[in-house]
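Novice: give the three-dimensional model of this entry:
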Amino acid sequence: MGPVASGSAPGPTATATPGGAGDAALRAGTTPYTLTTADGRRRTYLVHVPPSAATATVTATRGRLPVVLVLHGGGGSARLAERQTGMSLVADREGFLAVYPDGTGRPQSALLTWNAGTCCGYAHGNGVDDVGFIAALLDQLPRDHPVDPARIYVTGMSNGAMLSYRLGCELAGRIAAIAPVSGALNTTSCTPSRPVPVIAFHGTADDKVRYDGGESSIGLRRGEERADRSVAEAMALWTRHDGCPATPARTRQGAVVHDVYGPCAPGGAVELYSITGAGHAWPGGTRPREQADPPPPAPDASAVMWEFFTHHALAG
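Specialist: Down below sits the predicted model:
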């Protein structure tokens, strides 16, 4: 779905710069934006612009910026995702836009979720069209920023990882690669239009979204308990779609096991980082709240996935 109103950046410090429409200065830092989708929902998101983009003049002939969409976990928010993942720091170092969308929830509720197919919370229960929201966001971003449409990537944590899997299934023509963290492939079907590069991260002791699948130790609300698919099932689906061998080449460094499935069909790539003994956390990141599982120090998921992303772009 497309937006029925163009994206806007609220507040006196916000900017909305047309990417490539003449010369325009970008403002470094993180800015809130709003977008009204075709279903009438007012959606919010943050855009982080690296200093390197802000200090240069943007012209029609200047290179466009890659984009990394970061989807928060269930009960989280765009602000929490920015702090938890440290993706804006990577964006500043590497020169890409980091974009943090917000899910939906009940009025005055901070419990924001995504409709990832069979999960989770308000978004799933109310049939929120989050695929349509992300598609509308991808339409809007190039109007406000100098975006390279061939280099748009999606990652997410937990429920956000589940949606990143779903976006890989349903928006394969617009997303160059995905990087789910501590999430399950909980879609009812997955028929991507092309091979989609996938790099996944998951702790083997995760009891919120279990590595081997099964019931979560928590429900977002009573009666919303669920059973997730295993990491192995997600890898089997993507290796099949991407034309990769079923058995990976494996390396181990301390608690980190790195599986690379390859060679794959042109355009395909599948990798998995399994962190032995780690719980439900963003590797190399921070806790989004005090009671959350401690993140393992390695790998640095944000930096590792960006390196993976740099090798993949949409064709032509």
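Novice: counting contacts, what elements does the biggest helix by length in the chain pack onto?
Specialist: Criterion DSSP state H: the longest helix present in the chain is helix 130-144. Contacts defined by 3 or more CB pairs under 8 Å, 6 or more residues apart in numbering; DSSP states H and E place helix 130-144 against strand 3-8, strand 29-37, strand 42-49, strand 65-71, strand 97-101, strand 147-157, helix 159-170. The C-beta positions use only the backbone N, C-alpha and C, and glycine is treated the same way.
Novice: go again with 6 Å.
Specialist: Packed against helix 130-144, as judged by 3 or more CB pairs under 6 Å, 6 or more residues apart in numbering; DSSP states H and E, are the following elements: strand 3-8, strand 29-37, helix 159-170.
Novice: deepest-packed of those, please.
Specialist: Sort the helices and strands packed on helix 130-144 by mean neighbour count, taking mean count of other CB atoms under 10 Å, and helix 159-170 sits at the top with a mean of 29.
Novice: show me what that one is packed against.
Specialist: Using 3+ CB pairs under 6 Å, 6+ apart: helix 159-170 touches strand 65-71, helix 130-144, strand 147-157, strand 177-181.
Novice: distance from the chain centre to the shortest one, please.
Specialist: I take that to be strand 177-181. Strand 177-181 sits 6 Å away from the centroid of its parent chain (CA atoms, centre = their mean, to the nearest Å).
Novice: what's the answer for the first one, then?
Specialist: Using CA atoms, centre = their mean, the distance from the centre of strand 65-71 to the centre of the chain it belongs to is 7 Å.
Novice: and the angle for it with helix 159-170?
Specialist: Orientation check (axes from the mean of the first three to the mean of the last three CA atoms, to 10 degrees): strand 65-71 against helix 159-170 gives 120 degrees.
Novice: extract the C-alpha set from the longest helix of the chain and format it as CSV.
Specialist: This file holds the C-alpha atoms of helix 130-144, laid out as CSV (Å, rounded to 0.1, in the frame of the first residue of the first chain):
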residue,chain,number,x,y,z
ASP,A,130,2.8,-3.9,8.5
VAL,A,131,4.0,-5.1,5.1
GLY,A,132,2.0,-2.3,3.6
PHE,A,133,3.5,0.2,6.1
ILE,A,134,7.1,-0.8,5.2
ALA,A,135,6.3,-0.6,1.5
ALA,A,136,4.9,2.9,2.0
LEU,A,137,7.9,3.9,4.0
LEU,A,138,10.2,2.6,1.2
ASP,A,139,8.1,4.9,-1.1
GLN,A,140,8.5,7.9,1.1
LEU,A,141,12.2,7.7,2.1
PRO,A,142,13.5,8.6,-1.4
ARG,A,143,11.3,11.8,-1.3
ASP,A,144,13.0,13.0,1.8
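Novice: picking up where we left off before, nearest to residue 165, out of the helices and strands packed on helix 159-170?
Specialist: strand 177-181 (5.4 Å; CB to CB).
Novice: the closest one - which strands sit beside it in the sheet, and in what orientation?
Specialist: Here strand 177-181 is paired, per DSSP bridges, with strand 147-157 (parallel), strand 198-203 (parallel).
Novice: tell me which of those is the most buried.
Specialist: strand 198-203 (a mean of 27).
Novice: give the pairing partners of the helix or strand that that strand is followed by; include direction for each.
Specialist: If you walk from strand 198-203 toward the C-terminus, the next helix or strand you reach (DSSP states H and E) is strand 214-215. Strand 214-215 sits in its sheet next to strand 227-228 (antiparallel), going by DSSP bridges.
Novice: for residue 311, see how far away the residue nearest the centre of the chain is.
Specialist: Centrality entry for the chain: nearest residue to the mean C-alpha point is residue 155, 2.2 Å, by CA atoms, centre = their mean. Separation of residue 155 from residue 311 (CB to CB, to the nearest Å): 15 Å.
Novice: over to residue 186?
Specialist: 27 Å.
Novice: neighbour count winner among the two?
Specialist: Taking other CB atoms under 10 Å, residue 186 and residue 311 do not tie; residue 186 has more neighbours (23 against 10).
Novice: OK, contacts around that one?
Specialist: 116, 117, 118, 119, 162 (CB atoms under 6 Å, 6 or more residues apart in numbering).
Novice: and the longest helix of the chain, how far out from the chain middle?
Specialist: The answer for helix 130-144 is 14 Å, by CA atoms, centre = their mean.
Novice: ok, stretch 271-288 next?
Specialist: Centroid separation for stretch 271-288 versus its chain: 15 Å, with CA atoms, centre = their mean.
Novice: fine by me, we can end here.
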